[in-house]
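>>> Any chance you can model this:
(chains A and B)
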Number of protein chains: 2
Amino acid sequence: MLQCLDLSLSLDKSDYREKMNELMHELRSLHTECWQKRLTLIIVLEGWAAAGKGKISQKLATCMDPRGFTLHPVVVPTPQEQQYPFLWRFWQVLPAKGNVALFYHSWYTHVLEDRLLESVQTNDVAHCIQAINSFEQQLASDGVAIAKFWIHLSQKELKKRLKKYAKDSLDAWRVRPEDWQQHKYYQQYTSLAEDMIAQTSTGINPWTLISGDCKRWAQVQVLSQIATTLKKLLKHQPTTVSPPIHLPTINPAKSNFDALSQVDLSLSLSSKSYKKQIKKQQLQLRQLQRSIYEQNVPVLAIFEGWDAAGKGGAIKRLTEVLDPRSYRVHAFAAPTDEEKAHHYLWRFWRKLPPAGTIAIFDRSWYGRVLVERVEGFATNLEWQRAYQEIHEFETQLVQGGYVLLKFWLHIDPDEQLKRFQKRQQDPFKQHKITQEDWRNREKWDAYEVAVNQMIERTSSAIAPWTIIPANDKYYARVKVIERLTSAIEDKLIS
Amino acid sequence: MLQCLDLSLSLDKSDYREKMNELMHELRSLHTECWQKRLTLIIVLEGWAAAGKGKISQKLATCMDPRGFTLHPVVVPTPQEQQYPFLWRFWQVLPAKGNVALFYHSWYTHVLEDRLLESVQTNDVAHCIQAINSFEQQLASDGVAIAKFWIHLSQKELKKRLKKYAKDSLDAWRVRPEDWQQHKYYQQYTSLAEDMIAQTSTGINPWTLISGDCKRWAQVQVLSQIATTLKKLLKHQPTTVSPPIHLPTINPAKSNFDALSQVDLSLSLSSKSYKKQIKKQQLQLRQLQRSIYEQNVPVLAIFEGWDAAGKGGAIKRLTEVLDPRSYRVHAFAAPTDEEKAHHYLWRFWRKLPPAGTIAIFDRSWYGRVLVERVEGFATNLEWQRAYQEIHEFETQLVQGGYVLLKFWLHIDPDEQLKRFQKRQQDPFKQHKITQEDWRNREKWDAYEVAVNQMIERTSSAIAPWTIIPANDKYYARVKVIERLTSAIEDKLIS
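Residues are numbered from 1 along each chain as shown, chains lettered A, B, ... in the order given. Sure, this is the predicted structure:
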């Protein structure tokens, strides 16, 4: 693949100056227009050491408006970053809508240099590639344009530049020992790059291969490709990013798959047996908390369920004996403006627990296929593709070593009504019941379809749903902790 | 001080149960009310190892609504955190308005355990204490309540508990070697704690000393003090947090101090001499960038100035030769909702450059005493106390090793008018000129008073202002880089 590049392509100084000047002006005004229209671009710069990435970044930083442009130099992950799935650190810095982010090295480093230096295991490469493709596809679906560049050098040119830089007082400090490895293993590195490019050249997020032996040529090529990408972005403004103007149609007929109707809501525990069992389960969980910490395992339990199904109470019983230093509860309500300016999964990535700790999410990314679907906050296309996006996300978590629990707390409409009425009479709990809860209740049937479909579509071997019969609070609370402890135990034994 | 505490105070089981139950209910409803009214509380838990902080945190985590409550366990700072002034990591996690944050250990660890273990130098203790007092005062002025607890144990009780914990399968893993040091050096540690408490018992953010030998007694005391703090907070809702309803009066008479009128705006450079000098300065800066990186020095240059004074152009010339991997430009416009829910300095703390890198701020915290003052976005009290707050902030930066540059780019009204008109005629620059710019221009005199006063009040030996005559863009651009390089050189030599 890469040997087909014509590395003799070049540009003389005067042509270069003229084109560059023109391009930088064009980019500046394209950038401004994209900013005004809240269109987002991610640029990925990969290539040989000394391929001229620095100069290209400099040019871009100079012509883009700094208010909407950020450069992210990607270096070795910190110990903190290493506690998460490898894409975590890139999710943290994704550009908000309207911004351009330039990644100087990127998530590809993990399947390139790390692979050459054997710090990533061969078995993991396939997973990484899959995760990268999902990641980019998710962003593209959200309206983000991604322009990826591989700047190629001949072995001769690479050697010449490394030697030159090593002698230059301004550049010598930037030449790393790893850069010389690239020269030493030029063929191997080329094969790895080709493999990476081949596996990640999705039509929607293509790689542009750049002949880099002539620096002037390479700069002009990269900048003009970016201009093209921005023009395309402005021309085909994705319609999916605009807010939906109609309610999605939900098939009123129930799906064949009906997990909820099979739940035995009569299950219950006596007060005496509850007290005994909850104590036992809590103690066991507390003991497991220590092992989690020592074995550096991250645990994430998410809670979904009907309003008044008892999520809060279950979470309270789950956490009350835990050491408060290594668990955290995150409640998710309507997204903030900053959150709305990012992919909907962004706010969940940001709150993932680090290794060795427990996080409890009170509501979760499933809002996309529940409330956002039923209320029409997401378009049909958006919530329908969410099943896949969620599966990809959860796959990365499980592959990253997470113990992932998904609880649906189930009650029936009669029980809900009873609880709503009780809350309204209790001055201490009145704040927990709002008009919105009554409105949601009227949409019970629509939600039931959505919940059944969610369970059908997102229960997988690696990330199954646990449906908790919750008409009896005692029973539900015990079952939640029981399920959590057994999942943690399974992980620790393995 | 601490030996005066009556450590024999205790509570029997049934009294404890009754009071605790009552307190937890009360705290829950107080918390809800504070949340609705957007009132903020910070709880600091300090005290001996095994003093029962864990159990108290557990109780609080259980009775507070998890949506508005976060516990921050404070451990040894990460290498990333160590690159910043020591309060930086606490600024990052300050609660947004309406939230309760519990710090399990806190910024005080730095002047307590770190001091005992001699990982903080004696000379630095005074600076740390000063920084802590400023920090808490700034938060208090912003309407945040701070409740600080020292839970005291007798040496006998400390030993008993450490021994017991070391044997307990659930707790043993939490006992650190440092905890035994506390026992060994009980007297010294007590003196350090007393010194810390004495130096930071400001009337506004008081310490509550708790007799901890009886766990039940300690829990009830802490929780009831928190309830009292919340009730006080609800009763005396600070008026400063509400948005101002009137324009602040600005003395129309110019201050005696008039730095701006003394600027020689006729200074200029010929095109030829500009080209020569800017090249030289840029090269020098590029060379210094390497030393900054190697010596791990953080550099922060902030730019203020009249609209159209040429900040953008100066920043562009400053950055265009720099290695883009180790500098970053941040432009600050109107704060976002999330930013508004925090102290006004919060967004600047978040963007501080790490050691070894350069950050350029296009506009800065001086907005508080410029636009926010003139437009009435800050009350008189708020912008007036900002002079002190800013001085405290900059002192921490300089003591933290920062090279801090503050540029005011000065032009006269005629020059501004010329540039506005030119921008309006240039289709490529039209977007840079808005109605707001024309409105600001009408308030030139009010701004002039504000700028002069800002320079008068915030130019200090450690953080002087540099006023750049900018009627001639060439001159201004060269001077900015010249001043920056010489400041960096001064730092590197020292």
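
>>> The closest residue to chain B within the stretch 351-494 of chain A: how many residues sit nearby?
In the stretch 351-494 of chain A, the residue that lies nearest chain B is A:His431 (5.8 Å; C-beta to the nearest C-beta). The C-beta positions use only the backbone N, C-alpha and C, and glycine is treated the same way. Other residues lying near A:His431 total 14 when counted by other C-beta atoms under 10 Å in any protein chain shown.

>>> Please name the nearest non-neighbouring residue to it.
With sequence-adjacent residues excluded and distances taken as C-beta to C-beta, 6 or more residues apart in numbering or on different chains, A:His431 is closest to B:Thr32, at 5.8 Å.

>>> Assign that neighbour to helix, strand or coil.
Judged by DSSP: H, G, I helix; E, B strand; the rest coil, the three-state class of B:Thr32 is helix.

>>> Thought B:Asp65 was touching it, still the case?
Yes - assessed by C-beta atoms under 8 Å, B:Thr32 is found in contact with B:Asp65 at 6.3 Å.

>>> Strands of chain A, start to end?
A:41-47, A:69-73, A:100-104, A:145-152, A:207-211, A:299-305, A:327-331, A:358-362, A:403-410, A:465-469 (DSSP state E).

>>> Tabulate those (CSV), appending mean pLDDT.
CSV is the format used below for those (pLDDT from 0 to 100):
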stretch, mean pLDDT
strand A:41-47, 97
strand A:69-73, 94
strand A:100-104, 96
strand A:145-152, 96
strand A:207-211, 93
strand A:299-305, 98
strand A:327-331, 93
strand A:358-362, 97
strand A:403-410, 98
strand A:465-469, 96
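
>>> Any idea which of those gets closest to B:Trp217?
Of all those, strand A:327-331 sits nearest to B:Trp217, with 26.8 Å by C-beta to C-beta.

>>> which strands and helices sit next to the closest one?
helix A:311-319, strand A:358-362 (3 or more C-beta pairs under 8 Å, 6 or more residues apart in numbering or on different chains; DSSP states H and E).

>>> and the angle from it to strand A:299-305?
30 degrees (axes from the mean of the first three to the mean of the last three C-alpha atoms, to 10 degrees).

>>> could you list every residue that touches A:Tyr185?
Contacts for A:Tyr185 (C-beta atoms under 8 Å, 6 or more residues apart in numbering or on different chains) come out as A:Leu116.

>>> per-residue confidence for it?
A:Tyr185 is assigned a predicted lDDT (pLDDT) of 92.

>>> Equivalent analysis for A:Gly203, please.
Reading off the confidence values, A:Gly203 has pLDDT 75.

>>> how close does it get to A:Glu194?
18 Å (C-beta to C-beta, to the nearest Å).

>>> of the two, who's got more company?
A:Glu194 (15 against 5).

>>> Get me the contact residues on the stretch 1-150 of chain A for chain B.
Residues of the stretch 1-150 of chain A that fall close to chain B, judged by C-beta under 8 Å from any C-beta of the partner chain: A:25, A:28-29, A:32, A:36, A:54, A:57-58, A:61-62, A:66-67, A:70-71, A:73, A:78-80, A:104.

>>> at 7 Å instead, please
A:29, A:32, A:54, A:57-58, A:61-62, A:66-67, A:71, A:73, A:78, A:80, A:104 (C-beta under 7 Å from any C-beta of the partner chain).

>>> so A:Pro73 bridges to which residues?
Assessed by DSSP bridges, A:Pro73 has beta-bridge partners A:Tyr104.

>>> That one contacts A:Phe103, doesn't it?
No - using C-beta atoms under 7 Å, A:Pro73 is not in contact with A:Phe103; the gap is 8.5 Å.

>>> More neighbours: which of those two?
Just comparing A:Pro73 and A:Phe103: by other C-beta under 10 Å the higher neighbour count belongs to A:Phe103, 23 against 17.

>>> list the contacts for the more buried one?
A:42-45, A:72, A:74 (C-beta atoms under 7 Å, 6 or more residues apart in numbering or on different chains).

>>> try 8 Å
With C-beta under 8 Å, 6+ apart, A:Phe103 has these contacts: A:42-45, A:72, A:74, A:90.

>>> Mind picking the two most distant members of those residues?
Maximum distance among the contacts of A:Phe103 (C-beta to C-beta): 14.0 Å, for A:Leu45 and A:Phe90.

>>> Please identify which of the two sits among more neighbours.
Shown here are A:Leu45 and A:Phe90; by other C-beta under 10 Å, A:Leu45 has more neighbours (26 against 20).

>>> check contacts around the more buried one.
So A:Leu45 contacts A:53, A:56-57, A:102-106, A:149, A:151, A:222 (C-beta under 8 Å, 6+ apart).

>>> between these, which is nearest chain B?
The closest of those, once distances to chain B are taken by C-beta to the nearest C-beta, is A:Ser57, at 4.1 Å.

>>> Can you give me every residue that contacts that closest one?
A:Ser57 neighbours (C-beta under 8 Å, 6+ apart): A:45, A:71, A:102, A:104, B:324-325.

>>> Just give me the neighbour total for the residue of the stretch 101-250 of chain A found nearest chain B.
Per C-beta to the nearest C-beta, A:Trp173 is where the stretch 101-250 of chain A lies closest to chain B, at 5.3 Å. The number of residues packed near A:Trp173 is 16, by other C-beta under 10 Å.

>>> ok, the closest residue in space to it that isn't next to it in sequence to A:Lys167 distance?
Distances taken as C-beta to C-beta, 6+ apart put B:Arg290 closest to A:Trp173, at 5.3 Å, once the chain neighbours are dropped. Per C-beta to C-beta, B:Arg290 is found 15 Å from A:Lys167.

>>> So for those two, which sits in the more crowded spot?
B:Arg290 (17 against 10).

>>> Correct me if wrong: that one contacts A:Leu170.
Yes - under the criterion of C-beta under 8 Å, B:Arg290 makes contact with A:Leu170 at 7.1 Å.

>>> re the thing from before, out of the helices and strands packed on strand A:327-331, indicate the one that is most buried.
Highest mean neighbour count of the helices and strands packed on strand A:327-331: strand A:358-362, a mean of 22 (counted as mean count of other C-beta atoms under 10 Å in any protein chain shown).
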